[in-house]
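1. kindly generate the corresponding structure for this input.
(chains A and B)
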2 protein chains.
Amino acid sequence: MKLDVIPIHVANQPPGEPGLSGNAPPLLREVVEQVRRLIESGEPSAIDLSALPLTPADLDWLQEKLGAGEIAVTLQASGESTLNETACPGVWWVTHRNEQGAVNSQFIEVAFVPELVKAHPQDVALGLETLEFMIADRQGDAD
Amino acid sequence: MKLDVIPIHVANQPPGEPGLSGNAPPLLREVVEQVRRLIESGEPSAIDLSALPLTPADLDWLQEKLGAGEIAVTLQASGESTLNETACPGVWWVTHRNEQGAVNSQFIEVAFVPELVKAHPQDVALGLETLEFMIADRQGDAD
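-> Residues are numbered from 1 along each chain as shown, chains lettered A, B, ... in the order given. Predicted coordinates for the structure are as follows:
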C-alpha cells in the first residue's frame, strides 16, 4: 500500500501548530458573519464555546486572532464573570466562573454592549425606590 | 450681641461627620431625579463631580450612600478609566485617571449602560474589515 493513498483528513490548520482541531478557523468565519449581521441589522448573537469540540489550543488561537481590546468588565454574582472586549469592537470574550474560580462556560458575544452589562429597567426602578427611601429617611432626620 | 442672632448657615449635614460641606445630600437628590428621568424617558445624564465644590468627605459620603454594585468596568486608553456600577442599578461611578494614575475627573453617570462601554458602529465596521482581511489572508495560505 502506497502511503499517498491513505486517506488523511487535512484539517484547516496551518502546519506547526500542535493541538489545533481545525475547528477554530470556521468559527472565526462565523464570528465575521455575526459582526456583519450586527452592523446591518443591529442583531446581537453569541457562540457557546463550551458546547463546541474545541481544544485549549483552539481557544488560544481564537483569542490570539481576536486580540485584546481596551474594555474589561467583571461581574460578581455567584462566581466571577469577565466580559473582555477583543481588538474587534463589538466582539466580546465572555468567561463565567463558579465560586471556586473554575470556568463554567465561555462565549464569544457579538453585540454593541454585552447583555449582562445592561441595567434592566425593573432593577433601576427598584434601586430608585431604595434611593428615595434613603432620602426621605435623611429628611426625617433633618426635621 | 447675643450668639443666637449670628446668622449661621446650617448645612444639610448630620452632626458628627467632619469634612462634609453640605453639598452632597442635594446632589444625591439630583441623582434621584436623573434616575427617575432615565426610567420615564430613557434619557441618560451625568454629573461632573470635579466641577462641583465637594470635599473628599463629600465624595466618600456619596460613594457610601450609593453603595457598590456587581459590575466593574475598566477601560485602558491613555490612562485607566473605571466605571463601577453602584448598588443602585443604572447609577455608575466613573473615574478617569491620567497615565500617571492621578484622577483627572469623576462623574456620576445615570444610564442603562455607560456611554464609554458601547462599541460604536463605525468602529465595529473597521474591526470587521480587519477580521475579513485576516480570514482572506488565511485562505490564501491554505490554497
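2. which ones are touching A:Gly67?
-> Taking C-beta atoms under 8 Å, 6 or more residues apart in numbering or on different chains, we find A:Gly67 in contact with A:86-88. Yep, even glycine has a C-beta here, placed from its N, CA and C like the rest.
3. again, only this time at 6 Å
-> The contact partners of A:Gly67, by C-beta atoms under 6 Å, 6 or more residues apart in numbering or on different chains, come to A:86-87.
4. next one: the strand or helix carrying A:Ser81 to chain centre, how far?
-> Per DSSP states H and E: A:Ser81 is located in strand A:80-85. Remark: strand A:80-85 is offset 7 Å from the chain centroid, using C-alpha atoms, centre = their mean, to the nearest Å.
5. who does that strand touch, helix- and strand-wise?
-> Here strand A:80-85 touches strand A:71-76, strand A:91-97, going by 3 or more C-beta pairs under 6 Å, 6 or more residues apart in numbering or on different chains; DSSP states H and E.
6. who in chain A is up against chain B?
-> Residues of chain A lying close to chain B by C-beta under 6 Å from any C-beta of the partner chain are A:29, A:32, A:35, A:39, A:70-77, A:88-90, A:112-113, A:117-119, A:123-125, A:127-128, A:131-132, A:135.
7. can you flag the buried ones in these?
-> By neighbour count, with 16 or more other C-beta atoms under 10 Å in any protein chain shown, the residues of chain A next to chain B hold A:32, A:35, A:39, A:71-73, A:75, A:88-90, A:112-113, A:117-119, A:124, A:127-128, A:131, A:135 as buried.
8. mind checking which of the residues you listed land in helices?
-> Counting by DSSP state H, these place A:32, A:35, A:39, A:124, A:127-128, A:131, A:135 in helices.
9. hang on, the earlier thing: so what strands line up beside the strand holding A:Ser81?
-> Based on DSSP bridges, the pairing partners of strand A:80-85 within the sheet are strand A:71-76 (antiparallel), strand A:91-97 (antiparallel).
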